[in-house]
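Enquirer: Everything below, folded, please.
(one chain, ligands or ions: 2)
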Amino acid sequence: MPCEVKPRFVILYGSQKGQAQSIAEGIAEEAEEHGLVADLSCLDQIEKYNLEKETAPVVFIVSTTGDGEPPDNALQFVKRIKKKTLPPDHYKHLCYALLALGDTNYANFCNGGKTIERRLQELEAKQFYATGYADDGIGLEVVVDPWLAGLWKAIKGALSKMASDRTAHIKENAADSAKTTSDSSIPDVQLNLLSLTDHQDCESCVDTDSKFASAASSSASAVSDLRPASSAGSSGLASHSRGSASVFTSAPQAQAVDAEVLHVELAASLTCSIPPLSESALNVPALPPSYLDVSLQEVDSVEEIGGPFNKETIHNVPISGAVQLTRGDSVKTALFLELDISACPMMAYRPGDSFNVFCPNRAEEVDNLLHRLGLQDQRNYRVNVTLRKDTTKKGAQVPAYIPQSVSLLFLLTWCLEIRSVPKKAFLRALAEHTGDSVQKRRLQELCSKQGAADYNQYVRDPSLSFLELLISFPSCSPPLSLLTEHLPKLQPRPYSAASSCLRHPGKLHFVFNMVEFPASSGRPAGRRGLCTGWLFDLINPGLVFPGKAESSGSTALPKIHVSFRPGCTFRPPSDPSLPFIMVGPGTGVAPFIGFLQQREAERQKDPEAVFGETWLFFGCRHRDRDYLFREELESFVSRGTLNHLKVCFSRDDRGEEESTPSTPQPRYVQHNLMLHSQQVTDILLKHNGYLYVCGDAKNMAKDVNETLVEMIKTELQVDQLDAMKRLASLREEKRYLQDIWG
Ligand code: FAD
Ligand code: NAP
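Expert: Residues are numbered from 1 along each chain as shown. Ligands and ions are numbered 1, 2, ... in the order given. This next block holds a predicted model:
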């Protein structure tokens with residue numbers, strides 16, 4: 001009997017939060033329906049694929065993280081393909097398609113995917129299907145769904161083209177007449193898809209997608225003439241309109257508002273819009289198809305096994321010390337924690353490493369949510385989550401972070417980020433479960449193209465949480481399945497190690513600033529960051545201030561779940577004789593405390609060895625309020641471990657260090673760098689030294705980068721472009737390293 005061999009293709013994904021992985025898995029699952037075999041691998045599973053010899057089409061699904069970085073599990077791949085030693089036609093044989101995921105709210109939209117694509121093209125790989133750039137800011141599905149819809153035809157086109165190329169090649173070889181293939185023979189389908197290109201902002205995404213939706217025969221977005229709702233409210237709510245503004249309030253206040261409304265100029269808020277938005281027809285995204293069935297089952301007891309706590313990689317460790325590093329009147333509160341990891345040999349770490357802290361959602365917020373869903377009496381029921389048989393969602397599957405056999409309470413406490421900022425697709429779906437017509441209209445506005453500015457102002461910028469939104473829209477009653485579909489995984493929070501195992505065996509230190517969210521429309525009172533607020537509450541009764549962390553020796557030390565984050569490249573030079581410069585304002589100094597402790601221990605171990613010069617540029621607001629690790633840094637200097645400590649105080653009178661009547665006083669780390677421009681550039685450009693930057697990505701790291709360009713321009717007397725190239729090559733050589741977040 002003849003054996004049918006199905007054509008194969010390769011899917012490779014790089015995923016930070018699981019979205020790219022889930023899309024890639026969806027494609028793999030669907031392949032068989034299309035008569036194809038998919039080889040699916042994560043980009044870091046190098047043993048599972050070999051691009052150097054690959055003859056089948058390759059589909060990349062790549063997300064973006066941090067400041068436009070590829071996801072952690074794609075970093076090694078990017079490093080490999082960026083090697084300068086690769087021949088210029090290294091991937092000439094390769095035929096690829098790429099879907100990049102990103103968020104237009106952050107700098108460097110889709111840069112993870114773009115980085116890979118740029119390099120593939122430099123190495124002469126050929127694109128068989130136009131790249132999709134999906135924007136999480138407006139809903140990934142707006143681009144992802146039509147991209148997936150067209151993918152199968154494109155893969156088949158690529159397979160047949162590759163087969164015919166091979167046949168032609170064999171014939172040509174036989175005839176000894178070499179001929180090259182050209183890109184112009186890309187299958188027709190991708191001509192339609194060329195509109196699916198780089199969307200720089202939400203508005204253009206919506207426009208382009210409307211066009212694209214028809215080209216790809218997929219309803220990615222819907223244009224509805226959603227006029228303002230009438231003033232009649234439902235569910236005990238009254239709604240009012242004055243002029244064309246729409247506003248609602250809960251019943252008890254309704255009469256008072258009625259009386260006042262004629263005299264008060266309405267201002268827009270989370271729950272209220274004003275013209276022109278309140279009068280506008282709306283383009284809203286298509287309703288995302290539902291795909292999960294969630295049922296609750298009464299059981300005697302639920303075994304909370306598994307959950308997010310894989311015992312092999314996640315360790316439950318005691319907090320053995322805690323110190324508040326900042327004075328009470330500081331702008332921000334920085335806390336220092338010591339973990340006792342002596343019982344976890346797997347947690348051995350090196351300077352520069354970071355680790356994850358697993359924090360739960362706040363108990364009172366979970367409680368509020370259970371009440372709001374009307375499920376407070378079923379908190380201990382077992383949750384069963386299954387895939388809807390009739391779902392039209394492409395590649396749908398039960399998310400891997402939803403464990404089997406856990407209680408509803410566990411699901412809402414440990415698995416779903418109930419603080420997440422609702423995406424537009426979620427708002428769209430919530431509108432369908434909102435009884436009051438004015439509230440429904442406002443939710444539709446917030447997810448519409450016309451309401452993009454209001455969404456940014458009232459939802460995204462203040463980081464409005466899902467629960468805060470629910471409270472502001474009292475007639476919205478979503479089913480549990482909708483939350484399970486739209487709330488993302490509760491992510492662990494990474495922190496940089498601020499210690500060295502050599503100095504503190506069995507201990508791990510870290511330092512963090514309390515994140516504070518101010519009150520806003522929809523948030524009557526400020527609140528703390530989830531993890532930083534939780535850690536603060538855990539240790540608050542035991543805070544030691546001021547002074548050093550003390551192990552209380554008590555058996556009742558609070559414990560937290562942590563895991564080691566592999567793949568760190570932010571390391572001190574492997575050759576200790578090379579000089580290095582550290583730039584870390586605020587809590588960005590954390591990893592450098594580890595670097596210096598390690599260096600000190602190595603110097604003590606081998607006093608005869610040659611150690612390169614060390615510099616630290618630190619910045620804080622006030623010398624006597626938030627100068628983190630001051631004593632320790634000064635003692636590194638006095639013992640010769642740290643050769644140059646340059647500190648600036650952004651909000652003190654700047655009349656101290658480095659001042660001369662003609663030189664402006666340094667305010668920020670980059671101003672101090674500029675003052676030492678010659679030494680810094682000599683270290684980097686003449687002495688093969690290293691420069692490390694840690695801390696805020698949004699402002700500080702960008703400003704430091706620009707300052708470095710200026711310094712290179714001046715010191716080398718080159719123009720901007722050459723200076724940028726010199727800095728880029730330092731990055732390539734891994735001598736300019738950043739560990740930044742924002
Ligand atoms: P959430 O409730 O998650 O809210 C955070 C959100 O608040 C962010 O999305 C942002 O929009 C906003 N926000 C406002 N101000 C800040 C701010 N100052 N920092 C972060 N988000 C802010 N943090 C440290 O304090 N010390 C460290 O050593 C450290 N190391 C890190 C190492 C790595 C590799 C990474 C990726 C991050 C690191 N962070 C560090 C950041 C840390 O992981 C958390 O993001 C931070 O503590 C906030 O967590 P949260 O749950 O309290 O805030
Ligand atoms: P911070 O206290 O907010 O600021 C420290 C100092 O930096 C202040 O003096 C501040 O001055 C100054 N500053 C403000 N804007 C600046 C700019 N554009 N350039 C240079 N300096 C500037 O810092 P932080 O909150 O501790 O840390 C910043 C971020 O780093 C946080 O988001 C934290 O989560 C992150 N972090 C990341 C890592 C990592 O990725 N490994 C490690 C630790 C911390 P003014 O306020 O007076 O303007």
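
Enquirer: From here on, just use CA atoms for contacts and neighbour counts.
Expert: OK.

Enquirer: quick one: contacts for S574?
Expert: By C-alpha atoms under 8 Å, 6 or more residues apart in numbering, the contact set of S574 is empty.

Enquirer: Any idea which residue of the stretch 351-500 of the chain lies closest to ligand 2?
Expert: Of all residues in the stretch 351-500 of the chain, S496 sits closest to ligand 2, at 5.1 Å by C-alpha to the nearest ligand atom.

Enquirer: list the contacts for that residue?
Expert: Shown in contact with S496 (C-alpha under 8 Å, 6+ apart): 352-355, 510-511, 590-591.

Enquirer: Scan this protein for its longest helix.
Expert: Across the chain, the longest stretch assigned as helix under DSSP state H is helix 141-175.

Enquirer: in which helix or strand would I find L339?
Expert: Taking DSSP states H and E as the definition, one finds L339 inside strand 334-340.

Enquirer: Could you pull up the mean pLDDT of that strand?
Expert: Strand 334-340 carries an average pLDDT of 95.

Enquirer: count of residues packed around I46?
Expert: Number of residues near I46 (other C-alpha atoms under 10 Å) recorded here: 12.

Enquirer: Local confidence estimate at it?
Expert: 90.

Enquirer: Next: E656.
Expert: For E656, the predicted pLDDT is 51.

Enquirer: cool, S280 as well?
Expert: For S280, the model assigns a pLDDT of 94.

Enquirer: for the longest helix of the chain, packing partners?
Expert: strand 126-135, helix 189-193, helix 202-215 (3 or more C-alpha pairs under 8 Å, 6 or more residues apart in numbering; DSSP states H and E).

Enquirer: Buried residues, that helix. List them.
Expert: Across helix 141-175, burial judged by 16 or more other C-alpha atoms under 10 Å covers 141-148, 150-159, 161-162, 169.

Enquirer: ok, back up a step: put the alpha carbons of the strand holding L339 into PDB.
Expert: Only the C-alpha atoms of strand 334-340 are listed here, as PDB (Å, rounded to 0.1, in the frame of the first residue of the first chain):
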ATOM      1  CA  ALA A 334      13.100  51.300  49.200                       C
ATOM      2  CA  LEU A 335      13.100  48.100  51.100                       C
ATOM      3  CA  PHE A 336      15.900  45.600  51.400                       C
ATOM      4  CA  LEU A 337      15.100  41.900  51.900                       C
ATOM      5  CA  GLU A 338      17.300  38.900  52.800                       C
ATOM      6  CA  LEU A 339      16.100  35.500  51.800                       C
ATOM      7  CA  ASP A 340      17.500  32.300  53.400                       C
END
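
Enquirer: For the stretch 301-450 of the chain, which residues are neighbours of ligand 2?
Expert: Residues of the stretch 301-450 of the chain lying close to ligand 2 (C-alpha under 6 Å from any ligand atom): none.

Enquirer: Show me the strands in the stretch 301-450 of the chain, by range?
Expert: Using DSSP state E, counting those that start in this stretch, the strands of the stretch 301-450 of the chain run over residues 314-324, 334-340, 354-358, 382-387, 406-407.

Enquirer: got these as TSV, with distance to ligand 1 and mean neighbour count columns?
Expert: Shown next, in TSV, are those (distance: least, C-alpha to the nearest ligand atom, whole Å; neighbours: other C-alpha atoms under 10 Å):
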stretch	distance to ligand 1	mean neighbour count
strand 314-324	13	22
strand 334-340	8	22
strand 354-358	6	20
strand 382-387	26	20
strand 406-407	23	23
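
Enquirer: where are the low-confidence patches of the stretch 601-742 of the chain?
Expert: For the stretch 601-742 of the chain, applying pLDDT under 70 flags the ranges 654-664.

Enquirer: Sketch out the helices for it, chain order is fine.
Expert: Assigned by DSSP state H, counting those that start in this stretch, the helices in the stretch 601-742 of the chain fall at 630-638, 669-675, 677-685, 700-716, 720-732.

Enquirer: The third one: how far from the chain's middle?
Expert: Going by C-alpha atoms, centre = their mean, to the nearest Å, the spacing between the C-alpha centre of helix 677-685 and its chain's C-alpha centre is 33 Å.
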